[in-house]
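Participant: Got a predicted structure plus its sequence, pasted below:
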Amino acid sequence: MPLAVVDAQTLVDAVALGAVYALMAVGIGLVFGVLRLVNFAYGQLVMAGAYTLAFTSHLHPAVSIVACFAVVIALSTAIDLAVFRPLRGQSPAVMLVTTFALAFLLQAVARIVDVRDGTIGEPVRVVGQLNRAVGIGGVNVRQVTILAIVLGIVVLGLLALLLGRTTIGLHMRAAAGDFRTARLLGVRSNRVIGFAVFLSALLAALVAIVLTVRKPLVTPAYGLQETIVVLVGVVVGGLDRLWTATLGGFAIGFATGVINGVLPTDKTIFLPTAVFALVILVLLLRPGGLFVPRDAATVERV
Amino acid sequence: MNDRPLLELRSVEIAYGRVAAVRGLSLEVQRGELVGLIGPNGAGKSTTLHAIMGAVPISAGEIIVDGVGVAGRAPEAIARSGVALVPEGRRVFASFSVEENLRLGLAARRNGKDEHALEEAYELFPVLRESRRRPAGVLSGGQQQQLAIARGLVAGPRLLLLDEPSLGLAPAVVDSVFETLARIREHGVTVLLVEQRAQRTVALADRSYVLVNGELRATLAPADAGDTDRLVAAYLA
C-alpha cells in the first residue's frame, strides 16, 4: 500500500502537536537552565492539572481552569521547596534519579485518588467543545488545534519578551549562564529559581488544558509518554540553550505528527520505531544538538 | 562619621577539606582607603575575597563589614549589603550586550533600576558607551576588564573588591587599569585590591598586606614600593 502524501490536514495537526511539545520543552528547559536539573516529573504536573480538570468538570469551565492553574502551581512550588531546594548542588545523576522517584510517587498517589470510584481513568469535559472542527481553506481543523498553535506562538513570544526585556528575565539568563557569578553580583537565587519553577508550572497547566481536549481520559500515567518524547526532543535540539531545546520539542512533535499522518492506519504501530530511529540518527550526526550552531563557543542557556 | 573600619577580618581561617588556605588572617580597610593584598600564586588572596563575599565558608574568625558580621550569609545578600566583587578572569557574560552586563550590576541595588548609575559608568568608561549594544564577548581583554569594573561600580558599593584586574592583559592595558583604579579612589570608593603586580600595587595603595601561604607576612607602605629588597624579603619571609 503506497504512503499517503503529506496533506495540509496532516501538516496543521503536526504543527499543533509540535506547539504543545514546544511548550513542554520550555517548561523543562527553564528549570534546567537555572537548576541544572532534568525534571522527569514534569509530566506529573500535567497529570495533576488534568485530574483537576476532570474532578472539577461539573463546575463552570473558568473555575475549572483556574483550579487547574492553582493546583499545578501549588504542587510545583511544593516540589521545589521540599525536594529541589534541598538537592541544590547535588550531582545531576542524583537529581535525575530523584525526579524519577518523584514521578512514580506522584503516579502512585494519583492511582490511589483515582481508584476511589472503582475505576481507573477520569474523563475531562471542561472545554470538550474545542474538539469541534472549523473549515479553513478546505481543511477541517479542530478548534483545539488552532488554540494549540496560537498558544504556542503567543506564549513563546511573551517568554522571549520577558527574558529579553525585563530585569527578572536578565537575571534568569545570567543565572542560567553562570549562576555563581550571578549570585556574586546580587542576583537572588531563590527568587530566580522560584520564578523559573512558577513559569514552568504555568506552562504545565496550559499543556494540561490543551492535552485534555485532545486526550480526554485522564489516567495516572497521563503526560508521562509526552514527557519522555519531549525530553528526547529537548536533548536532540540541544539541552544547553532554551531556544534550541524548544525547537527540539517542536521538531519531535512535528515529526511525530507528520509520520503519524503519512503512515497508513494499520502501520501506526511503527510510529515510535520511526521517530526514535530518527532521533538516534540525529544524535549520531549532531551529538551537541540539532539546532546548536556548529561554531558555538559560548553558551547562553536561557 | 564613625571611625570603625569598613571591612575588618579577625583571625580568619579558611580550609579546603583538610588543607588550610588562609590561617589567622587579620586585616582592616578604612573608609576611602585603597588597600592592597599581594602575594605569590596560591597565597590565599582570591580565597580571602571569596570568603568576604560569602562564596567560600570560613572555619574560624570573623568577617565584619561596617560593624556587622557577614559570615554565613549568602553571596547575593552580601552583594546587596554594598560589597561588590570584580572577579578574577572578569566573568562578563559574553553573549549579553555590554549594557545588559552593566544592568546585572544593578542587581545588588535595593532599587534595581538606577539609570543614573549606568550613565556614571559610561562617563568613567566612554568606550563602553560606544559598544553598549555589542556582545561583551567581542570586546578586547582590556575593555572586558573595564566592563567588569564598571559592572561592580554600577552596584554603588561601599566596598569594592578587585581580584587580579591586570591578569592576562598587555602592559599598556595594565597601565590603564591602574589609572582606572586611581580614578576610582578619587571618587571616594573604598577598595581592597588583590594583585600579583606587587610593586605597582604597593605604590598605589594606602597600605598593602603581603600574604604568603595563607599567612600575613608583612604590611607595606607606598614608600616601600621602591625598596625591592624589602618586597622580596616580605615574599620570602
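Facilitator: Received it, and whenever you're ready, just let me know what you need. Numbers count the residues shown, from 1 in each chain, chains lettered A, B, ... in the order given.

Participant: drop to CA atoms for contacts and neighbour counts, all remaining ones
Facilitator: Will do.

Participant: what comes up buried for the helix or strand containing A:V20?
Facilitator: Taking DSSP states H and E as the criterion, A:V20 maps to helix A:8-35. Residues A:10-35 are the ones in helix A:8-35 that count as buried (16 or more other Cα atoms under 10 Å in any protein chain shown).

Participant: hmm, it in reach of chain B?
Facilitator: No - against chain B, helix A:8-35 shows no contacts by Cα under 8 Å from any Cα of the partner chain, the least distance being 15.1 Å.

Participant: and chain B, which residues reach chain A?
Facilitator: B:53, B:55, B:75-80, B:84-85, B:91, B:93-95, B:100, B:104-105, B:107-109, B:152.

Participant: Which of the residues you listed fall in strands?
Facilitator: If you go by DSSP state E, these have B:A84, B:L85 in strands.

Participant: separation between the residue nearest to B:V173 when sequence neighbours are not counted and B:D175?
Facilitator: Of all residues not flanking B:V173 in the chain, B:G142 sits nearest, at 5.9 Å (Cα to Cα, 6 or more residues apart in numbering or on different chains). According to Cα to Cα, to the nearest Å, B:G142 stands 10 Å off from B:D175.

Participant: Between those two, tell me which one has more neighbours.
Facilitator: Shown here are B:G142 and B:D175; by other Cα atoms under 10 Å in any protein chain shown, B:G142 has more neighbours (21 against 14).

Participant: give me every residue that touches the residue in chain A that chain B sits nearest to.
Facilitator: Closest contact between chain A and chain B, by Cα to the nearest Cα, is at A:G186 (4.1 Å). Contact analysis of A:G186 by Cα atoms under 8 Å, 6 or more residues apart in numbering or on different chains lists B:P75, B:E76, B:A77, B:I78, B:A79, B:R80, B:G105, B:A107, B:A108, B:R109.

Participant: show me the contacts for the spatially closest residue to the first one that is not a sequence neighbour.
Facilitator: Nearest in space to B:P75, with sequence neighbours left out and distances taken as Cα to Cα, 6+ apart, is B:G54 at 4.8 Å. Contacts here follow Cα under 8 Å, 6+ apart; on that basis B:G54 touches B:V70, B:A71, B:G72, B:R73, B:A74, B:P75, B:I78.

Participant: Show me where the stretch 201-302 of chain A dips below the pLDDT cut-off.
Facilitator: Low-confidence segments of the stretch 201-302 of chain A (pLDDT under 70): A:294-302.

Participant: where do the strands sit along it?
Facilitator: A:217-218 (DSSP state E, counting those that start in this stretch).

Participant: So which residues of it form helices?
Facilitator: Per DSSP state H, counting those that start in this stretch, the stretch 201-302 of chain A carries helices over the ranges A:224-237, A:242-262, A:271-285.

Participant: Save the ones you listed as JSON lines, and put in distance to A:L199 too.
Facilitator: Formatted as JSON lines, the helices of the stretch 201-302 of chain A follow (distance: least, Cα to Cα, whole Å):
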{"stretch": "helix A:224-237", "distance to A:L199": "17"}
{"stretch": "helix A:242-262", "distance to A:L199": "13"}
{"stretch": "helix A:271-285", "distance to A:L199": "28"}
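
Participant: Output the ones you listed in TSV, with mean neighbour count and distance to chain B appended to each entry.
Facilitator: Formatted as TSV, the helices of the stretch 201-302 of chain A follow (neighbours: other Cα atoms under 10 Å in any protein chain shown; distance: least, Cα to the nearest Cα, whole Å):
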stretch	mean neighbour count	distance to chain B
helix A:224-237	23	20
helix A:242-262	25	14
helix A:271-285	14	26
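
Participant: Which elements pack onto the helix or strand hosting A:A110?
Facilitator: Per DSSP H and E: A:A110 is located in helix A:92-114. On a contact count with 3 or more Cα pairs under 8 Å, 6 or more residues apart in numbering or on different chains; DSSP states H and E, helix A:92-114 meets helix A:42-55.

Participant: Determine how far the helix or strand following the helix it packs on lies from the middle of the whole chain.
Facilitator: Remark: after helix A:42-55, the chain's next helix or strand is helix A:61-79, criterion DSSP H and E. Helix A:61-79 sits 16 Å away from the centroid of its parent chain (Cα atoms, centre = their mean, to the nearest Å).

Participant: What angle do helix A:92-114 and helix A:61-79 make with each other?
Facilitator: Here the directions of helix A:61-79 and helix A:92-114 differ by 140 degrees (axes from the mean of the first three to the mean of the last three Cα atoms, to 10 degrees).

Participant: can you tell me the average pLDDT over the next helix or strand after helix A:61-79?
Facilitator: Downstream of helix A:61-79, the first helix or strand assigned by DSSP H and E is helix A:85-87. For helix A:85-87, the mean per-residue pLDDT is 90.

Participant: Contacts for helix A:85-87 next, please.
Facilitator: Contacts to helix A:85-87, defined as Cα under 8 Å, 6+ apart, come from residues A:M95.

Participant: list the buried ones in it?
Facilitator: Quick answer for helix A:85-87 (16+ other Cα under 10 Å): A:L87.

Participant: can you check stretch A:114-130 too?
Facilitator: Neighbour-count burial for stretch A:114-130 [16+ other Cα under 10 Å]: A:D114, A:I120, A:G121, A:E122, A:P123, A:V124, A:R125, A:V126, A:V127, A:G128, A:L130.

Participant: ok, and what's touching it?
Facilitator: Against stretch A:114-130 from outside (Cα under 8 Å, 6+ apart): A:50-51, A:53-55, A:57-58, A:60-61, A:64, A:111, A:142-144, A:212-213, A:216-220.

Participant: again, 7 Å this time
Facilitator: Contact partners of stretch A:114-130, identified using Cα atoms under 7 Å, 6 or more residues apart in numbering or on different chains, comprise A:53-54, A:57, A:61, A:142-144, A:212-213, A:216-219.

Participant: biggest helix in chain B by residues?
Facilitator: helix B:171-186 (DSSP state H).

Participant: List the contacts of it.
Facilitator: Among residues not part of helix B:171-186, those counted as contacts by Cα under 7 Å, 6+ apart are B:L34, B:G142, B:S166.

Participant: Off-centre distance for that helix?
Facilitator: Distance, centroid of helix B:171-186 to centroid of chain: 13 Å (Cα atoms, centre = their mean).

Participant: how far away is B:V70 from B:A79?
Facilitator: 11 Å.

Participant: quick one: which of these two has more around it?
Facilitator: Counted by other Cα under 10 Å, B:V70 and B:A79 do not tie: B:A79 has more neighbours, with 28 against 20.

Participant: Since that was my last question, I'll sign off now.
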